[in-house]
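In: this is the structure alone, sequence omitted:
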């Protein structure tokens, strides 16, 4: 199961260098050029973050950071964070064939360890190898198969767990992670919208008190405008009616994509439901605090609909220069500057 955490470790990319040319594919007109130039000359200032709207991603696969209950306790009591985003990955070792029931042993351990005062967002994602065979599909539809074999059993199993706030339907569907996931065709936003719509109906049927959270794409401002266009297509198909939360990931900077006309800011400011940023972070234990104190206040000022940020991630065993973790296994830098800020309340 350790491999599931690796799915989330490739998102921080260098911000693009923008050449401001009126009428270019990035700058829609000369009115944009002034805003972008002003941002280049006067980049966002560091400001204190609002930790009351903060959560953290944790997948509980690295026991170097303690047992599952110990990790939950540290997040709540030491870091003061009441929200955790977790992943329940439907892999072949969870359900080796459609003829057997899923093995929830590891997931039951996580869910059963949720302490009082902690709210968990459950991500349901990925697929076992056998879904690549159309003979295993329900009604000839791989997305219906995912709903019937994974979402419904999982949602019904955990519907009455008070610590679960909602179910997130997939993760970054515009970028395929597992070979088996290709069968669902989610790089096409129309197919993801079908999955989301089917999932929303079942979550609202079997767990009416839980939120339906759409999947975020890869970082919304990167690969501009392709990733944003995936979001636009979901909006145009009616995703605001299928989800309770519009979900965004934000890595890197590329702040110019936020302020440009028809960019990320104008798009998200047109969304009528709450917005959560469920992944955002920076590599390097000594760069995290500066990043969140720059990017997060800027995003909230430009996009007032953002209600939450979930830092990526609690702990990582990756090499320190490519490590997003608040905790690392490097003896020289076991915790990050953001960890110390959350623990001590001082910069």
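Out: Structure's in. What do you need? This one's a predicted model, so the numbers in the text were calculated from it and none came from an experiment. Residues are numbered from 1 along each chain as shown.

In: use CA for all of it now, contacts and neighbours both
Out: Will do.

In: show me what contacts residue 311?
Out: Contact analysis of residue 311 by Cα atoms under 8 Å, 6 or more residues apart in numbering lists 54-57, 278-281.

In: neighbour-wise, which one of those leads?
Out: residue 55 (30 neighbours; other Cα atoms under 10 Å).

In: give the buried residues for the lengthiest helix in the chain.
Out: Secondary structure of the chain per DSSP state H: the longest helix is helix 189-206. By neighbour count on 16 or more other Cα atoms under 10 Å, the buried set for helix 189-206 is 189, 191-200, 202-203, 206.

In: mind listing what residue 299 touches?
Out: Going by Cα under 8 Å, 6+ apart, residue 299 touches residue 306.

In: would you mind giving the secondary structure of it?
Out: Judged by DSSP: H, G, I helix; E, B strand; the rest coil, the three-state class of residue 299 is helix.

In: for residue 295, pull up the helix or strand it's in.
Out: helix 288-302 (DSSP states H and E).

In: and the next element down the chain from that helix?
Out: Along the chain past helix 288-302, the next helix or strand (assigned with DSSP H and E) turns out to be strand 306-311.

In: parallel or antiparallel, list what pairs with that following strand.
Out: strand 54-57 (parallel), strand 275-280 (parallel) (DSSP bridges).

In: now do the longest one and helix 288-302, the angle between them.
Out: Yep, that's strand 275-280 we're talking about. 160 degrees (axes from the mean of the first three to the mean of the last three Cα atoms, to 10 degrees).

In: buried residues in the helix holding residue 295, which are they?
Out: Buried residues in helix 288-302, counted by 16+ other Cα under 10 Å: 288-299, 302.

In: and which of the residues you listed is nearest to residue 245?
Out: Nearest to residue 245, judged by Cα to Cα, of the buried residues of helix 288-302 is residue 299 at 16.9 Å.

In: check the closest one and give its pLDDT.
Out: With respect to pLDDT, residue 299 scores 98.

In: picking up where we left off before, off-centre distance for the helix holding residue 295?
Out: With Cα atoms, centre = their mean, to the nearest Å as the basis, helix 288-302 stands 17 Å off its chain's centre.

In: ok, now stretch 207-225?
Out: Centroid separation between stretch 207-225 and its chain, computed with Cα atoms, centre = their mean, is 7 Å.

In: stretch 155-167 now?
Out: Relative to the mean C-alpha coordinate of its chain, stretch 155-167 is positioned 18 Å out (Cα atoms, centre = their mean).

In: contacts for it, please.
Out: 114-124, 203, 206-207, 210-213.

In: could you list the buried residues of it?
Out: For stretch 155-167, by 16+ other Cα under 10 Å, it's 155, 158-159, 163-167.

In: restricted to helices, list those.
Out: Using DSSP H, the buried residues of stretch 155-167 in helices are 155, 158.

In: in a markdown table: the buried residues of stretch 155-167, plus distance to residue 78 and pLDDT.
Out: Formatted as a markdown table, the buried residues of stretch 155-167 follow (distance: Cα to Cα, whole Å; pLDDT from 0 to 100):
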| residue | distance to residue 78 | pLDDT |
| --- | --- | --- |
| 155 | 30 | 98 |
| 158 | 27 | 98 |
| 159 | 29 | 98 |
| 163 | 19 | 98 |
| 164 | 21 | 98 |
| 165 | 22 | 98 |
| 166 | 24 | 98 |
| 167 | 26 | 99 |
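
In: about what we covered before: and of the contacts of residue 311, the nearest to residue 315?
Out: residue 57 (8.8 Å).

In: please report how far the closest one lies from residue 336.
Out: Residue 57 sits at a distance of 15 Å from residue 336 (criterion: Cα to Cα, to the nearest Å).

In: same deal with residue 134?
Out: Counting by Cα to Cα, the gap from residue 134 to residue 336 is 47 Å.
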